[in-house]
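Q: Provide a 3D model corresponding to the input given below.
(chains A and B)
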Amino acid sequence: MATDTDTDLLVGGEPETDRDRTGNAVVNWMENLSEAAYAYLLLLPAFALLALIAFYPLIATFVTSLREDQTRGGEPLGGFVGLDNYVDILTGNARLARQFIDVGLTGSFPFFEFGTPFLQQALFVTIGFAIISVFFETVIGFGQAYVLDQEFRGRRWVRVAIILPWAVPIVIQGMIFFLLFQPEVGFGTELGQWLGIFGPNPLADSQDAFIIILVADIWKSSAFMALLILAGLQSVDRSLYDVARVAGASPWQRFKRITLPLVLPALLVAMLFRTMDAMRVYGLIESSVGCTTVPSLTCLVVEAMFGGTRIYATAAAVAFATAVVIGLIISVYVVFFRDAEGGLY
Amino acid sequence: MSDRHRTDGGETRTDVLTESHEAELDRGPFQRWVDDSIKNPQKVYRAMFYVAAIFFLVTTLFPFYWLLMVALTPEGQLQDIIFTPNGFNPGAFVEVFQTIPFHWYVFNSFVIATASTIVVLIIGSLAGYAFGRLEFPGKVPLLLLVLVISFFPPAAFFIPLNDLFNTSFFFLEPITGDGTLYNTPGAMVLPLSAIFMPLAIFILTTFYSQIPEGLEDAARVEGTTRLGALFRVIIPLSAPGVATAGVLTFIAVYNEFFFSFLMTDGQPESWAPLLEGIIAYQGQYEVLYHLMAAASIIGVIPVAILVIVAQEKIVSGLTAGALKE
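A: Residues are numbered from 1 along each chain as shown, chains lettered A, B, ... in the order given. Predicted coordinates for the structure are as follows:
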């Protein structure tokens, strides 16, 4: 008890109460906090780490994005220019190899025109990629999770096999699909041409390469969805199904009324993070078809930042513009979260 | 017993005829019956299940099989590979270790991923408990603030973090020598923990919030402390969620593309991760695809073992479900 009194003094000597169950002053102090104070205490380590490693660098990068590019001289950045970099990005005038967005308004139908082809504009490439890949990954991931949720012999190995693509390093994922569609090495090009979807050199054609990236991403990331949905399915109380069956619910009704609502929170988290990941796709493109053929938003950021042209301010502005785009798309989910029964809020 | 099952089976068969699409999606309730109903006319369900399982197995495993064929093809003969390698050179799996100390890179990645996963699970659990089970002012804005981190491309963090990790701190000097974090595991564990923290916090928040109040209250009445209730009641009951968050974090860190590439000088002694090892086979004049393929097959093995171990926890939710009210 001697040590207890010592620590008591250190933490401010909270008087002993009937909640003194453990004899440890720190624990007692925690026991007596209000719910809100206890919540902030628990959040402290997470926010301390995030403040140092995430928020501080982001603020620094934001400040950079408000300054001028300085391509010559000793200083990497010029003076303060406000939102000029953002204006340049949105009007297609930035010093980038490929534009963030390049759409002009015209007087006649359909009232806009593309300055560069659709699939050469980072914004459209990225949003298209995110929507299509997340849709297929959700459907396939749900199917995989359903298979993995069953009892059958060898289930453990099937589970490992289905999750394995998620374990492949992105460089290797890129390499597999690069070689598969490399006309001399793999058979993917011939298969695609036989199906009538590929031109002569798919790795160099924006549209064909876009499809290759989609297939590669769906192959790898469906496993992410499957794993999270499986965890959700595993938390569903099995007796609910028995009750539903006795009550005469059809399989579809059981899915709609029991499985879906109970899996929805996990499913939404999975889709939310998959969408954000897909919107930031970079490594896969860089290691397979290349950022020239399929320019994603993150491709622009990385090329501007590390491309040797010293346009750091533009790079920072593109990074923040990317975050704003993702934020707008995610706000759709947040609204959905709010309405979802059993959701987070 | 058998009579009852036959009627069940009859019903489901009509279900299958009219609603085959739904039948494919919903097999939960019949999981219980599977063991004792093999002889039943549930074979329709069963057959569809096997078709789906085999389809998923083939589509997920084929690229691995193809990768193995690339690994077995001798250097310089890489062309027209469909189902068989162009030649046979299992020596690639030995050559991988002779060219560079690949095992060292795997070890580095393993340590970095393990450390990050532990950090993320502990800190994320505390935060997930607060977000999932406690009421406090500012909850939603704080949760969104966590989410905002995931909006940014990793490059957005890089330059300020690089400056930070190359700054000398006197309190680090006894540990790292020159006082900087560059070329230490910390230079990857810290940023990767922070970057994958939002996902873990969201997963854990979701799963912790689903545990019924009554179970925690019961533990509290029994005399468990607040933290004790989290670690002895909430976390064990959320085992599927915790195991999933752990596996996803481990794999994400193990395979991370961006920081792995930039936070060390690429030498195995400097804690360079797996990715640097694989990229080391990309020579200046030629890319040793067969070695990259062999190396990545070896690199996937630790993750496969982890999944085998963790999946027991992921399905342990069966019992957790039974414990719910």
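Q: which other residues reach the one helix or strand residue A:298 maps to?
A: According to DSSP states H and E, residue A:298 maps onto helix A:297-306. With CB atoms under 8 Å, 6 or more residues apart in numbering or on different chains as the test, helix A:297-306 has contacts from A:96-98, A:100, A:122-123, A:126, A:279-282, A:285-286, A:291, A:311-312, A:314-316, A:318-319, A:321-322, A:325, B:153-156, B:158-159. Quick note: C-beta positions are derived from backbone N, CA and C, even for glycine.
Q: now do 6 Å
A: A:96, A:122, A:126, A:280, A:282, A:291, A:311, A:314-315, A:318-319, A:322, B:153, B:155 (CB atoms under 6 Å, 6 or more residues apart in numbering or on different chains).
Q: Check which residues of it are buried.
A: A:297, A:298, A:299, A:300, A:301, A:302, A:303, A:304, A:305 (16 or more other CB atoms under 10 Å in any protein chain shown).
Q: before we move on, back to that, turn the contacts of helix A:297-306 into JSON lines, including neighbour count and secondary structure.
A: Output for those, formatted as JSON lines (neighbours: other CB atoms under 10 Å in any protein chain shown; DSSP: H, G, I helix; E, B strand; the rest coil):
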{"residue": "A:96", "neighbour count": "23", "secondary structure": "coil"}
{"residue": "A:122", "neighbour count": "28", "secondary structure": "helix"}
{"residue": "A:126", "neighbour count": "26", "secondary structure": "helix"}
{"residue": "A:280", "neighbour count": "26", "secondary structure": "coil"}
{"residue": "A:282", "neighbour count": "22", "secondary structure": "coil"}
{"residue": "A:291", "neighbour count": "19", "secondary structure": "coil"}
{"residue": "A:311", "neighbour count": "21", "secondary structure": "coil"}
{"residue": "A:314", "neighbour count": "26", "secondary structure": "helix"}
{"residue": "A:315", "neighbour count": "31", "secondary structure": "helix"}
{"residue": "A:318", "neighbour count": "31", "secondary structure": "helix"}
{"residue": "A:319", "neighbour count": "30", "secondary structure": "helix"}
{"residue": "A:322", "neighbour count": "27", "secondary structure": "helix"}
{"residue": "B:153", "neighbour count": "27", "secondary structure": "coil"}
{"residue": "B:155", "neighbour count": "25", "secondary structure": "helix"}
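Q: Could you find the lowest-pLDDT member of the residues you listed?
A: Within the contacts of helix A:297-306, residue A:96 has the lowest pLDDT, namely 72.
Q: Look up how far chain B lies from that one.
A: As judged by CB to the nearest CB, to the nearest Å, residue A:96 and chain B stand 14 Å apart.
Q: Name all residues that make contact with that residue.
A: By CB under 6 Å, 6+ apart, the neighbours of residue A:96 are residue A:300.
Q: For the stretch 201-325 of chain B, what lies in contact range of chain A?
A: Proximity of the stretch 201-325 of chain B to chain A, by CB under 6 Å from any CB of the partner chain, involves residues B:202-203, B:206, B:223, B:225-226, B:240-241, B:244, B:251, B:255, B:257, B:275, B:278, B:292, B:296, B:300, B:303-304, B:307-308, B:311, B:314-315, B:317, B:321, B:324.
Q: hmm, which of the residues you listed are the buried ones?
A: Going by neighbour count (16+ other CB under 10 Å), these have B:202-203, B:206, B:225-226, B:240-241, B:244, B:251, B:255, B:257, B:275, B:278, B:292, B:296, B:300, B:303, B:307, B:311, B:314-315, B:317, B:321, B:324 buried.
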